[in-house]
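Trainee: quick one, structure for this:
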Amino acid sequence: LHAMLQDPKARALYIFPTKALAQDQLRALRALTRGGAGPLFSLRVETYDGDTPMDERSQRRDEARVLLTNPDTLHVSVLPHHRQWSDVLSN
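Mentor: Just a heads-up that it's a prediction; the model follows:
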């Protein structure tokens, strides 16, 4: 999160072993990033996993600064389509 305050292009991809743990961390990160004013509090935090609706996936991938996922989604949806994920993976 500190890097995101310093670099407006910085992105984070958090990988959790289960969707349930990712959901717990999503709630915690959203509470942290929505609890006040300033640049930290405007960060978009989203999950990207098998439960993400197909019509929301590209928007989440392109716009969220923090994405939470799991190993299965990483191997099935992210790595095979690494060109579409280049902004996330390189920043």
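Trainee: strands of this protein, residue ranges please.
Mentor: All strands of the chain, identified by DSSP state E, fall at 12-15, 45-47, 66-69.
Trainee: among those, which is nearest S90?
Mentor: S90 lies closest, by Cβ to Cβ, to one member of the strands of the chain: strand 12-15, at 11.0 Å. All C-beta spots, glycine's among them, are computed from the backbone N, C-alpha and C.
Trainee: contacts made by that closest one with the rest, please.
Mentor: Residues outside strand 12-15 that contact it (Cβ atoms under 8 Å, 6 or more residues apart in numbering) are 1, 3-4, 22, 25, 65-71, 74, 78, 88-89.
Trainee: buried residues in it?
Mentor: Within strand 12-15, the residues scored as buried using 16 or more other Cβ atoms under 10 Å are 12-14.
Trainee: Y48: which of those is nearest?
Mentor: Closest to Y48 out of the buried residues of strand 12-15 is L13 (8.6 Å), distances taken as Cβ to Cβ.
Trainee: from D72, how far out is that closest one?
Mentor: Per Cβ to Cβ, to the nearest Å, L13 is found 14 Å from D72.
Trainee: all set, thanks.
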